[in-house]
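J.: Here's my sequence, what's the structure:
(one chain, ligands or ions: 1)
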Amino acid sequence: MASNLLKNIVKLDTRVSVSQNVCLPIRCLSTASPRVKDKTGKNIVFVDGVRTPFLLSGTDYASLMPHQLAKEALIGLMRKTNVPREVVEYIVYGTVIQEVKTSNIGREAALAAGFPNSVPAHTVTMACISSNQGITTGIGLIAAGAYDVIVAGGVEFMSDVPIRHSRKMRSLLLRANKAKTPLDKLKLLSTFRPDFLLPELPAVAEFSSGETMGFSADRLAASFKVSREEQDQYAVRSHTMAKEAQDNGYLTDIVPFRLPNSSKVIEKDNGIRVSPIDKLAKLKAAFVKPHGTVTAANSSFLTDGASACLIMTEEKAKQLGLKPKLYLRDFTYVAQDPIDQLLLGPTYATPKVLEKAGLSVNDIDVWEVHEAFAGQILANLKAMDSDWFAQKYMNRKSKVGVPDLSKWNKWGGSLSIGHPFAATGVRLTVHTANRLVREDGQFGLIAACAAGGQGVGMIVERHPDATAL
Ligand SMILES: CC(=O)SCCNC(=O)CCNC(=O)[C@H](O)C(C)(C)COP(=O)(O)OP(=O)(O)OC[C@H]1O[C@@H](n2cnc3c(N)ncnc32)[C@H](O)[C@@H]1OP(=O)(O)O
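T.: Below you'll find the model as predicted:
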């Protein structure tokens, strides 16, 4: 395993500023002979994507319901693209922790956002890659010829999660509902015990192992010998780059959100926080106590937010006079053992999707990789740089290869911008699109890990018409 890798990340990132290397789109891209062939016969394009500002849970969105956030993302998308709602034929929307009253949240959000009743919507869930799943389900529907115009996206709302009665209490209440006589009800009441009142709190944890994501990340970092200092440095990198992108006005995927019944308009992500490294070093372990290395500052934080994007056939985009940002070229999903390899999705998905598309690591101009934890990102980079890992775990002859880190998450990532689980996939895609224009690149790779030991890799290509940010 290359031991210099992490040193290089730190050195490199203090030098690379997102305000450098910005140029207008000058590369001549052509649809005539694409290097990556279209597999669908439809040349499916990503027109644009938007998101609400991502906020720390428990802050300004706290009194909302999740479908209200999703509604704002959908309204913002239609306003930004200037496409009439009637043109949209189907909506695929992601969520992870479901609000029980709006279980098909895609449909509720679409109705609230003023889409015609005749536009069907369904909800998908695949943990942190749920809106990637929204996009690729849309690709499938278009490729199958079912529809030409799809909206995809996702929402997560951690300010209010369903807290259930205990199983014993639920069982009692359900039986009480069916009890016919007062005597039956009394008999049931006599079975009540005080411990029935203990609630069941949801945890960001793996069902099969019971382990929280943070605990797993700490174990992963330890097994790849990623130090606390390296994790803290990576976290500072993420926040520094996100702050620069925010200050430079690059985060144009944000649609401002006017809070209902208030004059307050939310315009910015509120979790970006550049702190001195010695401040981070003082924080206590958040999961593996007391000696773990994953802390509040080198973890993504619990976030509220929603996203949405518009995808369609290139022909339809032309008919509508739109200037798409990307071709959606290829994708893959991967899955591993959720106990030992929970957060290594990017390592597994990257070579698979590159090979499918006929590209190599060096062809990628923009990397957007989900940062669940700094330790998880650094463990993935080490795994990608290891022949031993490739041979032992991936059935490959040699390592995947290390991405050029000057092209990696240059506008920050989930650690700093936030990670509303099901909304992140669209955020990664639209940042890839906008970075490809600003950085004059051609190909982007999006990768993410997800609970269940799953992961996604997507290859996108800048569309020749992509100019507007
Ligand atoms: C596939 C996947 O994506 S898996 C990932 C899924 N996501 C997760 O698992 C979420 C992980 N994150 C979490 O669960 C939570 O954010 C936690 C447990 C890590 C932290 O939660 P909390 O303890 O509530 O965080 P809180 O915001 O209070 O921060 C704790 C302390 O760290 C400090 N802190 C947090 N971030 C920073 C920062 N960037 N710089 C400096 N200090 C910081 C806070 O100021 C606070 O300090 P204090 O105790 O002196 O007030």
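
J.: so what's the residue of the stretch 51-200 of the chain found nearest the ligand closest to, chain neighbours aside?
T.: With CB to the nearest ligand atom, the shortest gap between the stretch 51-200 of the chain and the ligand falls at residue 128, namely 3.9 Å. Just so you know, the C-beta spots here come from the backbone N, C-alpha and C atoms, and that holds for glycine as well. Sequence neighbours aside, residue 450 is the residue nearest to residue 128 in space, at 4.3 Å (criterion: CB to CB, 6 or more residues apart in numbering).

J.: For the one you found, give me its contacts.
T.: By CB atoms under 8 Å, 6 or more residues apart in numbering, residue 450 lies in contact with 126-129, 345, 456.

J.: Do stretch 322-340 and the ligand come into contact?
T.: No - under the criterion of CB under 6 Å from any ligand atom, stretch 322-340 makes no contact with the ligand; the nearest approach is 10.8 Å.

J.: pLDDT on that stretch, on average?
T.: Average pLDDT, stretch 322-340: 96.

J.: So for it, first residue to last residue, what's the gap.
T.: 45 Å (CA to CA, to the nearest Å).

J.: how far is it from where the chain is centred?
T.: Here the centre of stretch 322-340 is set off from its chain's centre by 11 Å, with CA atoms, centre = their mean, to the nearest Å.

J.: Tell me the buried residues in it?
T.: Across stretch 322-340, burial judged by 16 or more other CB atoms under 10 Å covers 322-334, 336, 338.

J.: returning to that earlier point: among the contacts of residue 450, who's most crowded?
T.: Among these, residue 129 has the most neighbours (other CB atoms under 10 Å), with 35 neighbours.

J.: Over to it: give its phi and psi.
T.: Per-residue torsions, residue 129: phi -110, psi 30 (degrees, to the nearest 10).

J.: OK, contacts around it?
T.: Residue 129 neighbours (CB under 8 Å, 6+ apart): 333, 345, 370, 424-425, 448-450, 454-456.

J.: still on that earlier bit, any chance of the contacts of residue 450 in JSON lines with secondary structure, distance to residue 135 and pLDDT as columns?
T.: Listed next are the contacts of residue 450 as JSON lines, based on DSSP: H, G, I helix; E, B strand; the rest coil; distance: CB to CB, whole Å; pLDDT from 0 to 100:
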{"residue": "126", "secondary structure": "strand", "distance to residue 135": "11", "pLDDT": "98"}
{"residue": "127", "secondary structure": "coil", "distance to residue 135": "15", "pLDDT": "97"}
{"residue": "128", "secondary structure": "strand", "distance to residue 135": "14", "pLDDT": "98"}
{"residue": "129", "secondary structure": "coil", "distance to residue 135": "10", "pLDDT": "98"}
{"residue": "345", "secondary structure": "helix", "distance to residue 135": "16", "pLDDT": "98"}
{"residue": "456", "secondary structure": "strand", "distance to residue 135": "9", "pLDDT": "98"}
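
J.: pretty sure residue 416 is touching residue 270, no?
T.: No - contact criterion CB atoms under 8 Å: residue 416 and residue 270 do not qualify, at 11.1 Å.

J.: Which one of the two is surrounded by more residues?
T.: Shown here are residue 416 and residue 270; by other CB under 10 Å, residue 416 has more neighbours (29 against 15).

J.: picking up where we left off before, next, give me the two most distant ones among the buried residues of stretch 322-340.
T.: 323 and 338 (41.3 Å; CB to CB).

J.: So which of the contacts of residue 129 belong to helices?
T.: 345, 424-425 (DSSP state H).

J.: Nearest to residue 111, out of these: which one, please.
T.: Using CB to CB, residue 425 is the member of these that lies nearest residue 111, at 23.1 Å.

J.: In contact with the closest one, which residues?
T.: Contacts of residue 425 by CB under 8 Å, 6+ apart are 94, 128-135, 154, 307, 446, 448, 456.

J.: doesn't residue 142 fall inside a helix?
T.: Yes - Residue 142: assigned to a helix according to DSSP: H, G, I helix; E, B strand; the rest coil.

J.: my guess is residue 274 meets residue 241, correct?
T.: No - in this structure, residue 274 is not within contact of residue 241 by CB under 8 Å, at 9.6 Å.
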